[in-house]
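Novice: Let's see this in three dimensions:
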Amino acid sequence: MKNVLITILLFCASCQLNAQESRQDYMVVPVISQQSFYLKSSTGKMSKELLQINLPANTVEWYYTVTTRSDNGDFPNSDLTGQLVKLVDPDHGIKSAASVHVVGGTGLCDVYLMANPLETNQYVNKRPASGFLMNDSREHCVSAAVMVKDFVDGSCFLMVRNPGSSRGVYVNIEVAAIVLSSAIGSSTAMQ
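Specialist: The predicted structure follows:
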C-alpha cells in the first residue's frame with residue numbers, strides 16, 4: 001500500500017512540474033494595419049511623410065510592406081499580419097520570410113528607416129542626415145516587403161520620400177511585429 005501511495009504522489013508531483021514549465025511562444029502583433037497617403041513631387045512641399053513605429057515589447061523582428069501607385073485609387077490590402085500569422089510557428093518563430101508577398105506597384109518612393117529622432121528631425125527640416133539604417137531602407141521602391149532585425153526595441157521612424165520631380169505618388173504601408181511571449185501552462189502572458 002505504501003508503494004502505491006508513493007508512486008501516486010511521485011506521479012502527481014511530476015505532472016505538476018510539467019504543467020508549470022514555461023515555454024516561449026512567438027506571435028504576430030499588427031503595428032500599422034494600413035496607412036495610405038499622397039506625396040507631391042520632390043520640388044513641392046509635402047513630398048515627405050514621417051511614420052513613427054512604436055514596437056511592442058519583446059519584438060524579435062518586424063516587417064513593413066510598401067506599395068506605390070501613380071494614380072489615385074484604392075490599394076488592395078496585402079494583409080501583412082495575416083501572412084505572418086500563417087508563417088509563424090509559435091514554438092520556433094518565423095518559418096520563411098521569403099513567403100511574404102506584396103502587391104505590385106506603379107509609382108516610386110524612397111523609404112528610410114531612422115532610429116535617431118534628432119537625425120529624423122534634421123532630415124524633415126531639409127538638412128543632411130546620415131542616420132539611415134540602409135539595410136532596412138529602400139530607394140526607388142515600387143513595392144517591397146522588408147524584414148527588420150537591426151532595430152527591434154523602442155521607437156523608430158519610416159521616412160517616406162517622393163524622389164520624382166515631376167509627379168506625385170500614392171503610397172501604402174503596413175507594419176507588423178513578431179513578438180516573443182512567455183507562456184506558463186496554457187495561459188500566455190506578455191512580458
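Novice: which secondary structure elements does the longest strand that the chain contains contact?
Specialist: Identified as the longest strand of the chain according to DSSP state E is strand 22-39. Packing partners of strand 22-39 (3 or more C-beta pairs under 8 Å, 6 or more residues apart in numbering; DSSP states H and E): strand 48-54, strand 59-69, helix 80-87, strand 88-89, strand 155-161, strand 169-184. Glycine gets a C-beta too; all of them are placed from N, C-alpha and C.
Novice: 10 Å instead?
Specialist: Taking 3 or more C-beta pairs under 10 Å, 6 or more residues apart in numbering; DSSP states H and E as contact, the helices and strands that strand 22-39 lies on are strand 48-54, strand 59-69, helix 80-87, strand 88-89, strand 93-94, strand 155-161, strand 169-184, strand 187-189.
Novice: Show the contacting residues for residue 134.
Specialist: Residue 134 sits next to 112, 113, 150 when contact means C-beta atoms under 10 Å, 6 or more residues apart in numbering.
Novice: Of the residues you listed, which is the nearest to residue 60?
Specialist: residue 150 (12.2 Å; C-beta to C-beta).
Novice: What values do phi and psi take at the closest one?
Specialist: Torsion angles at residue 150 (phi, psi; degrees, to the nearest 10) stand at phi -80, psi -30.
Novice: Report the contact partners of it.
Specialist: So residue 150 contacts 61, 113, 115, 133, 134, 135, 136, 156 (C-beta under 10 Å, 6+ apart).
Novice: and if we set it to 6 Å?
Specialist: With contact set as C-beta atoms under 6 Å, 6 or more residues apart in numbering, residue 150 has these partners: 133, 135, 136.
Novice: The second one belongs to a helix?
Specialist: Yes. Following the definition DSSP: H, G, I helix; E, B strand; the rest coil, residue 135 is counted among the residues of a helix.
Novice: Can you tell me the closest non-neighbouring residue to it?
Specialist: Of all residues beyond its chain neighbours, the one nearest residue 135 is residue 150 (5.9 Å), with distances taken as C-beta to C-beta, 6 or more residues apart in numbering.
Novice: and if you look at the last one?
Specialist: By the measure of C-beta to C-beta, 6+ apart, the closest residue to residue 136 outside its immediate chain neighbours is residue 113, 4.2 Å from it.
Novice: from memory the one you found sits against residue 138, does it?
Specialist: No. Counting by C-beta atoms under 6 Å, residue 113 sits too far from residue 138 to count as a contact (9.0 Å).
Novice: Looking at the two, which is more packed in?
Specialist: residue 113 (22 against 18; other C-beta atoms under 10 Å).
Novice: mind listing what the more buried one touches?
Specialist: By C-beta under 6 Å, 6+ apart, the residues touching residue 113 are 133, 136, 137.
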